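# model the structure of this input:
(chains A and B)
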Amino acid sequence: NAGVMQNPRHLVRRRGQEARLRCSPMKGHSHVYWYRQLPEEGLKFMVYLQKENIIDESGMPKERFSAEFPKEGPSILRIQQVVRGDSAAYFCASSPLRDRTDTQYFGPGTRLTVL
Amino acid sequence: TQLLEQSPQFLSIQEGENLTVYCNSSSVFSSLQWYRQEPGEGPVLLVTVVTGGEVKKLKRLTFQFGDARKDSSLHITAAQPGDTGLYLCAGATGTASKLTFGTGTRLQVTL
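Numbers count the residues shown, from 1 in each chain, chains lettered A, B, ... in the order given. Next comes the predicted model:
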């Protein structure tokens, strides 16, 4: 089985541009989570989505950031008008619908660099 | 705010030595996961523990979940250079909920 897939693996943007990060969960997984890892910091939760629904966005910055998980296609994390402070590794994780262990499986990440 | 403190932060040992990494919190978790992360890659799941007092073994790695489900430990026996990496614990507080990650332990095993 293919694992969680993320693309692109590396993304370079200039200040003010938009960044779109994609995540395809593992087959059979309907829960998607996005985390951010700033340089020399730990992973921090951003948002939790199920198909067509945002369940928990308590970790998302209030402005410029949005996420979706449409009925068809990958989950998208969108950052508008990027700033240098957005430079980080963004990880997506997925988990199955019924899993009492709450286990999440991570993708390889997208490394965003804002020039 | 839930916090997971890991200790030690850094550990440099020689091949063949044993080590223990600790993950502590004042919060109760419904499950706790351990991951290892290599530079430039995503965290790779090692184990999930869900029951207080539970002990799981994965070859030379032994994981324990505290009785009160607030803390956990990872013990590595006879460490090898391939064990080098960043070890992360992460706790969940309910079914299908976000993970709170620990501060991480960076392990280096030399020949």
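# for A:Cys92, what are its contacts?
By CB atoms under 8 Å, 6 or more residues apart in numbering or on different chains, the contact set of A:Cys92 is A:4, A:6, A:21, A:23, A:25, A:32-35, A:75, A:77, A:106-107, A:109. Heads up, the C-betas are built off the backbone N, CA and C, glycines and all.
# just name the closest of those to chain B, please.
Set against chain B, the nearest of the contacts of A:Cys92 by CB to the nearest CB is A:Phe106 (4.0 Å).
# near chain A at all, stretch B:19-29?
No. Against chain A, stretch B:19-29 shows no contacts by CB under 8 Å from any CB of the partner chain, the least distance being 9.1 Å.
# so where's chain A shaky on pLDDT?
A:1, A:97-102 (pLDDT under 70).
# which residues of it lie near chain B?
Near chain B, when you scan chain A using CB under 8 Å from any CB, you find A:4, A:6, A:31, A:33, A:35, A:42-45, A:48, A:55-56, A:58-59, A:91, A:93, A:95, A:99-109, A:111.
# filter these to the buried ones?
Using 16 or more other CB atoms under 10 Å in any protein chain shown as the burial test, the residues of chain A next to chain B include A:4, A:6, A:31, A:33, A:35, A:42-43, A:45, A:48, A:59, A:91, A:93, A:95, A:101-109, A:111 as buried.
# out of those residues, which sit inside strands?
Per DSSP state E, strands hold the following members of those: A:6, A:31, A:33, A:35, A:43, A:45, A:48, A:91, A:93, A:95, A:105-106, A:111.
# distance of the residue nearest the centre of chain A relative to A:Arg13?
For chain A, the residue nearest the mean C-alpha position is A:Trp34 (3.5 Å; CA atoms, centre = their mean). Taking CB to CB, to the nearest Å as the measure, A:Trp34 falls 17 Å from A:Arg13.
# for chain B, what lies in contact range of chain A?
B:30-31, B:33, B:35, B:40-45, B:48, B:50, B:88, B:90, B:92, B:94-104.
# of the residues you listed, which qualify as buried by neighbour count?
Applying 16+ other CB under 10 Å to the residues of chain B next to chain A flags B:31, B:33, B:35, B:41-45, B:48, B:50, B:88, B:90, B:92, B:96-102, B:104 as buried.
# thinking again about what came up before, surely the residue nearest to the centre of chain A meets A:Ile54?
No. In this structure, A:Trp34 is not within contact of A:Ile54 by CB atoms under 8 Å, at 10.8 Å.
# quick check: neighbours shared by these two?
Residues touching both A:Trp34 and A:Ile54 (CB under 8 Å, 6+ apart): A:47, A:67.
# quick one: which of the buried ones among the residues of chain B next to chain A sit in strands?
The members of these that map onto strands under DSSP E are B:31, B:33, B:35, B:44-45, B:48, B:88, B:90, B:92, B:99-101.
# and of the residues you listed, the nearest to B:Arg69?
Closest to B:Arg69 out of those is B:Ser31 (8.4 Å), distances taken as CB to CB.
# surely that closest one and B:Cys89 touch.
No. Look at B:Ser31 against B:Cys89 with CB under 8 Å: they stay out of range, at 11.1 Å.
# which intervals of chain B have sub-threshold pLDDT?
For chain B, applying pLDDT under 70 flags the ranges B:1-2, B:95-96.
# just the helices from it, written as ranges.
Assigned by DSSP state H, the helices in chain B number zero.
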